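model the following, please.
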Amino acid sequence: MISKSFANIDAETLSRLVLDRMDEGPTLEFKETLPDRTDRGIVEFLKDVGGMANSFGGDIVYGIREADGVAAEVAPIQGETYDDASRRLGQMLDSGIEPRLQDVQMKGVEVDGGYAVVVRVGQSQIGPHRTSRNGQHRFPVRNSGYTADMSYDQLRMAFDRSASLAERARNFRKDRLEAIAALNYGVRQQTSVVVHVLPLAGMGTGSRIDIRDAYANPAVLEGPRWMGTTRSYN
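Take a look at the predicted model:
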């Protein structure tokens, strides 16, 4: 994935990928041209996006030619306008992937001679996602620098993981409420409001999420403006 916030990706960012000879990998893929309107082009696009959603998420950059898995040069997209292209790609995703993806961002980047398109795909918590086209159904997954179909074991684990997320969230909430109720702050006769923010990615994959930045910025976790409130994390 490009190590820059999505909103700040610009032409200089893409040029730097080429100058640094950035490698493709599990979360980054380069494409010289946009997917065309043929069945093959649509299937390839669905596979690439679905594969990233079913694994760790990542960026697909259209408008960069790769050579042996390395960014070689910026290849400006011409002809089709970005508005038309983004609309077409969005329609492909809406009709070709189920359940529908909830975290896909698309951005056109102006470069000399045309534009490039960056598609950022978030790791999905409601998968596994299936691609469908002309009666062909696949469960893609991103492996290293390529996309393949899920194996039987991968598919079984993906379904088990999705089914367990809701149960883990409920258990987490139940345990925290019991722990809070066990404390005696002298407010048991008053109304208490407890808000749980559950990082599903952390629950599902065991990854660590640093919430210190959010805690340092009150606006991120700002709730009702009640008098005498305090906040803490654990």
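
ok, which stretches of the chain are helices?
With DSSP state H applied, the chain shows helices at 11-19, 39-53, 82-96, 152-182, 200-205, 212-216, listed in chain order.

quick one: which of those is nearest residue 142?
Closest of those to residue 142 is helix 39-53, at 4.3 Å (criterion: Cβ to Cβ). Backbone N, C-alpha and C define where each C-beta goes, glycine included.

how distant is the closest one from the center of its chain?
Here helix 39-53 is found 15 Å from its chain centre; the criterion is Cα atoms, centre = their mean, to the nearest Å.

and the angle from that helix to helix 82-96?
Angle of helix 39-53 versus helix 82-96, following axes from the mean of the first three to the mean of the last three Cα atoms, to 10 degrees, is 80 degrees.

ok, and for helix 39-53, which residues are buried?
Residues of helix 39-53 classed as buried by neighbour count (16 or more other Cβ atoms under 10 Å): 42, 43, 45, 46, 47, 48, 49, 50, 51, 52, 53.

find the nearest non-adjacent residue to the residue nearest to the spatial centre of the chain, please.
By Cα atoms, centre = their mean, the chain has its centre lying nearest to residue 122, at 0.3 Å. Closest residue in space to residue 122, ignoring its immediate chain neighbours: residue 103 at 3.0 Å, by Cβ to Cβ, 6 or more residues apart in numbering.

residue contacts, that neighbour?
Residue 103 makes contact with 53, 57, 121, 122, 123, 124, according to Cβ atoms under 8 Å, 6 or more residues apart in numbering.

from these, which land in strands?
Using DSSP state E, the members of these that fall in strands are residue 121.

what about the residue nearest to the centre of the chain, distance to residue 102?
Shown here: residue 122 relative to residue 102, a distance of 8 Å by Cβ to Cβ, to the nearest Å.

domain map for this structure?
For the chain, automatic domain parsing gives the domain ranges 6-150, 162-216.

what is the end-to-end distance of the shortest one?
In terms of Cα to Cα, to the nearest Å, the two terminal residues of domain 162-216 are separated by 31 Å.

let me know the average pLDDT across it.
The average pLDDT within domain 162-216 is 70.

same deal with stretch 145-155?
The model assigns stretch 145-155 a mean pLDDT of 88.

which parts of it are buried?
Burial within stretch 145-155, assessed by neighbour count using 16+ other Cβ under 10 Å, is assigned to 147, 150, 154, 155.

which residues does the second one contact?
Just to be clear, that refers to residue 150. Counting by Cβ under 8 Å, 6+ apart, residue 150 makes contact with 54, 128, 139, 140, 141, 158.

relative to residue 64, which of the residues you listed is nearest.
Taking Cβ to Cβ as the measure, residue 64 sits nearest to residue 140 out of the contacts of residue 150, at 21.4 Å.

so the closest one versus residue 128, what's the distance?
As judged by Cβ to Cβ, residue 140 and residue 128 stand 9 Å apart.

shared neighbours of those two, anything?
54, 150.

check the gap between residue 36 and residue 99 for me.
26 Å.

please apply the same query to residue 133.
For residue 133, the distance to residue 99 (Cβ to Cβ) stands at 16 Å.

how about residue 123?
Using Cβ to Cβ, residue 123 is found at 14 Å from residue 99.

okay, those two: which has more neighbours?
Taking other Cβ atoms under 10 Å, residue 123 and residue 99 do not tie; residue 123 has more neighbours (19 against 12).

adding distance to residue 215, write the buried residues of stretch 145-155 out as TSV.
Listed next are the buried residues of stretch 145-155 as TSV, based on distance: Cβ to Cβ, whole Å:
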residue	distance to residue 215
147	37
150	37
154	36
155	38
